[in-house]
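Engineer: turn this into a model:
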Amino acid sequence: MSLKKIEQIKSRKWFSLWDIAAFGVIIITAVILIISFTVGKDKSSLEGFYVSYRGEQVLTFEFGSTPRVLKEENVAVEEVSGGYKIRFYTDGMDGFNDIFVDIKNKTVGVTSSNCSAHKDCVYTPELKYNSSTPIICTPHALTISPLKFYDNGVIG
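Structural biologist: Numbering: from 1, shown residues only. The predicted model follows:
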């Protein structure tokens, strides 16, 4: 590099007008995305949910009624105080997920599982809104989704 080129680089300002404009566009875009994902969410309480195993529904539940089991060999339902305890079994009966439905608070979540060391499905936040993100247990091919959840074909 020539000495003249080095002097030109040293004499430049830190940011040009175009740099500031590009940073401004990035910041405005980030703010719009954050607002649209937090304010635009449907905060209506959960009306019900369905449980899918390998893409096929095995149980549906609407608050105000009893669980409707679609595959008896994969699901066991027990009524407990305050809700329902649902045990989901994989086809070989070696895998399980315990699901608790809280009737009073209209929530559902996975309480225990033997799927892996990480147990991501147990630590996933419970479903409490129609817009809640589905609970997914990848090792057991299990998905718990709100009934009114809009599925664009990516999940489940």
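Engineer: now Phe49: which helix or strand?
Structural biologist: For Phe49, the host element (DSSP states H and E) is strand 48-53.
Engineer: helices of this protein, residue ranges please.
Structural biologist: All helices of the chain, identified by DSSP state H, fall at 3-11, 17-39, 120-123.
Engineer: ok, how many other residues are close to the closest residue in space to Tyr84 that isn't next to it in sequence?
Structural biologist: In space, and not counting its chain neighbours, Tyr84 is closest to Val101: 4.3 Å by Cβ to Cβ, 6 or more residues apart in numbering. C-beta here means a position set from N, CA and C on the backbone, and glycine is covered the same way. Val101: 25 surrounding residues under other Cβ atoms under 10 Å.
Engineer: what's across from Val101 in the sheet?
Structural biologist: When bridges are called by DSSP bridges, Val101 pairs up with Tyr84, Val108.
Engineer: residue contacts, it?
Structural biologist: Phe61, Pro67, Gly83, Tyr84, Lys85, Ile86, Thr107, Val108 (Cβ atoms under 8 Å, 6 or more residues apart in numbering).
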